[in-house]
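# Predicted structure and sequence below. I'll ask about it afterward.
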Amino acid sequence: MEERQERAVALHNKGYNCAQAVVCAYCDLFGLDEQTAYKMAEGFGLGMGVMEVCGALTGGFMLAGAKCSAGTDAPGTTKGKTYQVTRAMWQGFAAQNGTVYCRELKGVQTGTVLRPCPDCIRDGCALVEKMLLK
């Protein structure tokens with residue numbers, strides 16, 4: 001699946017934000033069309049636009065919902081499972097990078113970048129592959 005990770009980085013280099021890059025690199029595997037996935041993920045880049053939770057991670061969360069949710073046929077019945085998966089993704093990302101927050105990853109206050117966007121995207125993709133595609 002490394003080719004998916006590199007496709008996500010290439011999408012980011014093309015102008016997609018981190019969330020869009022992750023979601024769009026895998027959207028076909030989750031029954032999502034790329035145009036809709038791109039639009040839905042737009043507000044999640046740059047840490048939800050305010051340097052909060054990393055867009056690469058929130059892109060993974062969107063895919064977790066696409067995978068785990070029963071949809072409108074069974075409202076509320078699958079939230080617990082989805083939250084369990086997103087919590088595990090959060091913990092995995094934090095363990096690898098020391099934080100899940102864009103501003104900390106980018107070193108806004110410290111001047112020290114912990115992880116550049118392409119590597120965060122690869123990390124988000126790796127979590128999607130490990131937790132949603134295995």
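Nice, thanks for sending it over. Computed from a prediction, not measured in an experiment: that's the story for all the values here. Numbers count the residues shown, from 1 in each chain.
# buried set for stretch 74-84?
Thr82 (16 or more other C-beta atoms under 10 Å). Where you see a C-beta, it was placed from the backbone N, CA and C, and this is true even at glycine.
# And the contacts of it?
Applying C-beta atoms under 8 Å, 6 or more residues apart in numbering, the external contacts of stretch 74-84 come out as 64-65, 68-70.
# and if you look at stretch 56-63?
Contacts for stretch 56-63 (C-beta under 8 Å, 6+ apart): 18-23, 26, 30, 37, 40-41, 44, 48, 86, 89-90, 93, 100, 117, 120-121, 123-125, 127-128, 131-132.
# List buried residues within those.
The buried subset of the contacts of stretch 56-63 - by 16+ other C-beta under 10 Å - is 18-23, 26, 30, 37, 40-41, 44, 86, 89-90, 93, 100, 117, 120-121, 123-125, 127-128, 131-132.
# so Lys106 makes contact with Val113?
Yes - if you go by C-beta atoms under 8 Å, Lys106 and Val113 touch, sitting 5.9 Å apart.
# distance of Cys54 from Thr112?
16 Å (C-beta to C-beta, to the nearest Å).
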